[in-house]
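**Student:** Predicted model, plus sequence, below.
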Amino acid sequence: MEENLEQVYNDLIMEHSMNSYNKKKLSSCDFCEMGHNPNCGDEISLEMKMNGDIIEDMAFSGHGCAISQASTSIMIDTLKGKTVSEAKEIIETFISMIKRETKSEEELKKLEDAIAFRNVANMPARVKCALLAWHTVEDMINKGEQEGKIKSSCCN
Amino acid sequence: MNIKDDFPILKNRDIAYLDSGATTQKPKQVIEAIDKYYENYNANPHRGAYSLSIEATEAYEDTRTKISKFINTKAREEIIFSKNASESLNLIAYSYGLENLKPGDEICISIMEHHSNLVPWQKVAKKTGAKLVYMYINEDFEISEEEWKTKINDKTKIVGITHVSNVLGTINDVENIVKYAHKKGAVTIVDASQSIPHMKIDVQKLDTDFLVFSGHKMLAPLGIGVLYGKKEILNKMMPFLMGGDMIEYVYEQETTFAPLPNKFEAGTQNVEGVIGLGAAIDYIEKIGYDEIQKIEDEVIDYARTELSKLDYLDIYMTPNKENHSSVISFNIKGVHPHDVASILDSEGVCVRSGNHCAQPLLRYLNMDSTCRASFYLYNTKEDVDKLVSALNKAYNMFKKYIKVEG
């Protein structure tokens, strides 16, 4: 526990949670989605701007614990500039890492800085904090696809 | 007398357990009473003609009598067993509220109610056209006399009030609120979930029409709760849940119901819970409320003093000690309570963080959540020291990153 704690509350996560440059409003965005954990009161609003099938920009607002805030900010860093299908793969990898469904080190590399949250998998009470933003972006992409506003090519 | 020795979990785990407001730990006397029940006289009460079932029935009904004496009801059938305080409150909302309220009537509750004494009344208000009115707190986190005298009026038909707030620890002046509500012709409900573990309840002295509490917050097992109601009101009410053991005659299209208390106890009941609650009451009475209060006063006084020394804490507590019970809510300025609770956990300190099932209260206070330390008779000054040192650790981890807003 002690070890997990020190690794979870590391500089990268603390900086992102307390002073995130991704916490802002985009001047224009294509998608906006709210995410919340009713039991803790954590609330985030995610914005996403697309360029073709590439995620051009993202930003968030809202409030919550250090883990949920940092996870949102680092997710944005990781997903920005990716295609929708790359993003979906990264999201799936992150969620399975946190849920302790084994992923190889090779696959986890895709997560870039978001790998910093791997020890949250050992803190069951905080899993939902780390996953909030990732489930929210997942919902946003699913809705976008259902409405035909996001077209991700299936063949890359 | 070392009370901690009676609680196996506090010997088996190296923890400072400061979440008794959520649920208390259980003394071995309670655990053993339940074991003894299953090993010696488990059967379905009220059903069998054989001696085992009769023994189970006796144990179940004797506990009803015990609780009746414990809170000093006029009659033993004024004690109804439920699953928990929430179910007791729902029973009142459905069987009394929905049946008796009409447009123009008012339901008056406090802003510090637990969701269980709030959400059912929203439903009753919506269904009946009655208005849901709130008594708010002042800057001391208390409901002033002026406030309850303003909000309770001739239109008020139901007054619901928690005896002790599960977030603030404020003790409400329930005796005078009940008196005033009765003067205005309203029926009163007191939620004693957070008070009965700590202080003597006498329903006749309090004169409330209904009173509810949960067993698990007073050393008993989970899944057993109590509804007290005045007989003349309970008799007029329709049953809440229908089924076995709550009936008299059942025809194809019609049913007549059993008298109190069975009318409100449909289906096979939680006998182990009832027996555990009986053992919990024996334990509380053996120690005595005076002694419990003495222990708690000392530990909570110490906690109030030590926590107040920490400049980085915001504490949400009345300054009037005599109006404060066993719960202290706080935040490290600029740090989210969940992060604090995780760091406290790593030091073996168990506190709750979140909205404590009281979202309207936290919204009223302009907050999302707090950390909450809640105390009971097994807590010691050492537990408070552990809390303080874990808080120092949390603060030091976050110090260099904290941006204090405003």
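**Tutor:** In hand now; what should we look at? Numbers count the residues shown, from 1 in each chain, chains lettered A, B, ... in the order given.
**Student:** Low-confidence ranges, chain B, go.
**Tutor:** B:1, B:404-406 (pLDDT under 70).
**Student:** where's B:Ile300 relative to B:Asn172, distance?
**Tutor:** 18 Å (Cβ to Cβ, to the nearest Å). (C-beta placed from N, C-alpha, C; glycine too.)
**Student:** What pLDDT does the model give the closest residue to A:Val8 other than its chain neighbours?
**Tutor:** Excluding its sequence neighbours, the residue lying closest to A:Val8 (Cβ to Cβ, 6 or more residues apart in numbering or on different chains) is A:Asn119, at 5.1 Å. Predicted confidence (pLDDT) for A:Asn119: 90.
**Student:** Against A:Glu92, how distant is A:Asn119?
**Tutor:** 20 Å.
**Student:** do A:Met75 as well
**Tutor:** Applying Cβ to Cβ to A:Met75 and A:Glu92 gives a distance of 13 Å.
**Student:** and those two? which has more neighbours close in?
**Tutor:** A:Met75 (29 against 16; other Cβ atoms under 10 Å in any protein chain shown).
**Student:** Can you verify my assumption that that one contacts A:Thr136?
**Tutor:** No: counting by Cβ atoms under 8 Å, A:Met75 sits too far from A:Thr136 to count as a contact (9.2 Å).
**Student:** need the next SSE after the stretch of helix or strand A:Leu5 belongs to, C-terminal direction.
**Tutor:** A:Leu5 is part of helix A:2-8 when elements are defined by DSSP states H and E. Scanning forward in sequence from helix A:2-8 by DSSP H and E, the next helix or strand is helix A:11-18.
**Student:** how about that next one: buried residues?
**Tutor:** A:13-14, A:16-18 (16 or more other Cβ atoms under 10 Å in any protein chain shown).
**Student:** and chain B, which of the residues you listed contact it?
**Tutor:** A:14, A:17-18 (Cβ under 8 Å from any Cβ of the partner chain).
**Student:** List of residues touching the longest helix belonging to chain A?
**Tutor:** The helix that spans the most residues within chain A, counting by DSSP state H, is helix A:127-146. By Cβ atoms under 8 Å, 6 or more residues apart in numbering or on different chains, the residues outside helix A:127-146 that reach it are A:30-37, A:40, A:42, A:44, A:46, A:48, A:60, A:64-65, A:67-68, A:71-72, A:75, A:79, A:84, A:87-88, A:91, A:94-95, A:98-99, A:117, A:120-121, A:150-152, B:338.
**Student:** okay but the residue nearest to A:Val8 is in contact with A:Ile13, surely?
**Tutor:** No: applying Cβ under 8 Å, one finds A:Asn119 not in contact with A:Ile13, separated by 10.1 Å.
**Student:** residues from chain A in reach of chain B?
**Tutor:** So chain A meets chain B at A:1-2, A:5, A:9, A:14-15, A:17-19, A:39-43, A:63-67, A:69, A:123, A:125-126, A:129 (Cβ under 8 Å from any Cβ).
**Student:** hmm, 7 Å instead?
**Tutor:** Proximity of chain A to chain B (Cβ under 7 Å from any Cβ of the partner chain) is limited to residues A:1-2, A:5, A:9, A:14, A:18-19, A:39-41, A:63-66, A:123, A:125-126, A:129.
**Student:** Under the pLDDT cut-off, which ranges of chain A? List them.
**Tutor:** For chain A, residues meeting the criterion pLDDT under 70 lie at A:1-3, A:152-156.
**Student:** try it again with 50
**Tutor:** Low-confidence regions of chain A, defined by pLDDT under 50, span residues A:155-156.
**Student:** would you list every one of the helices in it?
**Tutor:** A:2-8, A:11-18, A:66-79, A:84-98, A:105-108, A:127-146.
**Student:** who's in contact with the fourth one?
**Tutor:** I take that to be helix A:84-98. Defining contact as Cβ atoms under 7 Å, 6 or more residues apart in numbering or on different chains, one finds that helix A:84-98 is touched by A:53, A:55, A:78-79, A:82, A:103, A:107-108, A:110-111, A:114, A:117-118, A:120-121, A:127, A:130-131, A:134, A:137-138, A:141, A:150, A:152-153, A:156.
**Student:** so what's whichever residue of the stretch 151-300 of chain B sits closest to chain A up against?
**Tutor:** Taking Cβ to the nearest Cβ as the measure, the stretch 151-300 of chain B has B:Val167 as its residue closest to chain A, at 13.0 Å. B:Val167 sits next to B:112, B:327, B:329, B:356, B:358, B:361, B:370, B:372 when contact means Cβ under 7 Å, 6+ apart.
**Student:** what would those residues look like in TSV with distance to chain A?
**Tutor:** As requested, the contacts of B:Val167 are arranged in TSV below (distance: Cβ to the nearest Cβ, whole Å):
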residue	distance to chain A
B:Met112	17
B:Val327	19
B:Ser329	14
B:His356	10
B:Ala358	11
B:Leu361	12
B:Thr370	10
B:Arg372	13
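**Student:** can you tell me which of the residues you listed are in strands?
**Tutor:** B:327, B:329, B:370, B:372 (DSSP state E).
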